[in-house]
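1. Predicted model follows, preceded by the sequence.
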Amino acid sequence: MKVKTLIVDDEPLARMRMNSMLAEFGDTIEVIGEAGSATQAIEKIKELHPDLLFLDIQMPDMDAFEMLAAVQDEDFAIVFTTAYDEYALRSFEFDVIDYLLKPIEDERLVKTIEKIRNYFPSEAESQLPADFSWEKLANMVSQGGKQYLQRIQVKIGDRILLVNLDEVIRFKSEDKYTVVYTTSAQYVIDTPLVELEERLDPQQFVRVHRAHLVAIDYIAEIQKADAGRICVVLRDRARTVITVSRNFVKSVRSL
């Protein structure tokens, strides 16, 4: 699977250099366009629906965070590129794979590409049979005697807390870690979301987004969103709303 990528930077030379550097990774990255301003980036995102942005933070018309607010219904991951490190903490409020400081070094970009490869599923993983359903998968697994997780371990200092899965509302991928949202607290674990999904009962949890895995019993509503998308509203105190990625719409609609 090649990752459809949009380069966003107000400096033409920076865009040219990034395009040249990414050309070395043509097996992974497919640059489908460039944008020289935040306004142009919004138009390109809505037109091209990229999987990934290489996104400069400071631009003349608006900064990257304002731009992202305007396309929050679109589904893509981000690699921030900037000459300033003071934005690093705020950047991870978004679906961020990496944060690159300019000038970008070849060795550092190699590490970013490896993160991108780990973040996006391979073509073999992403292509499912036409008759696939979570119910069928659950039946096959139960016949094979596979044991699903019943609880997860959370390390807190020198203690290990056991959290029952019926208390878990959702899991969210955050860089190298996973945030566990329960009915009463939040925890951070170092188990990747992909690995968790393989060990959870698909009749209890459903993937709705590359970064979100939610408990089916805590889905209160499925609503229509803009541009033909759908979102799920969770039965938690915040009534959390998560936009469903195109790849997972079928799974959610079949609940």
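-> Okay, I see it. Note that the structure is a prediction, hence the values are computed from the model and not measured. Numbering: from 1, shown residues only.
2. where do the strands sit along the stretch 101-250 of the chain?
-> 151-156, 159-164, 168-174, 177-182, 186-189, 205-209, 212-215, 219-224, 230-234, 241-243 (DSSP state E, counting those that start in this stretch).
3. ok, the fifth one: who's next to it in the sheet?
-> Going back to what we said before, that points to strand 186-189. strand 177-182 (antiparallel) (DSSP bridges).
4. Can you tell me what sits against the strand it pairs with?
-> Outside strand 177-182, the residues within contact range by C-beta atoms under 8 Å, 6 or more residues apart in numbering are 152, 154, 163, 167-172, 186-193, 196, 236. Backbone N, C-alpha and C define where each C-beta goes, glycine included.
5. one more time with 6 Å, if that's ok
-> E167, V168, I169, R170, F171, K172, Y187, V188, I189, D190, T191, L193 (C-beta atoms under 6 Å, 6 or more residues apart in numbering).
6. Tell me which residues touch V188, please.
-> Y177, V179.
7. Roughly how far does it sit from L53?
-> Separation of V188 from L53 (C-beta to C-beta, to the nearest Å) stands at 25 Å.
8. what does E43 give?
-> 13 Å.
9. neighbour count winner among the two?
-> For E43 and L53, the more surrounded residue by other C-beta atoms under 10 Å is L53, and the numbers stand at 28 against 12.
10. roughly how far apart are the closest residue to D75 other than its chain neighbours and Q40?
-> Nearest residue to D75 in three dimensions, chain neighbours excluded: S245, at 4.8 Å (C-beta to C-beta, 6 or more residues apart in numbering). To Q40, S245 is 24 Å away according to C-beta to C-beta.
11. pLDDT below threshold where in the stretch 51-200 of the chain?
-> In the predicted model, the stretch 51-200 of the chain carries pLDDT under 70 at residues 85-95, 121-146.
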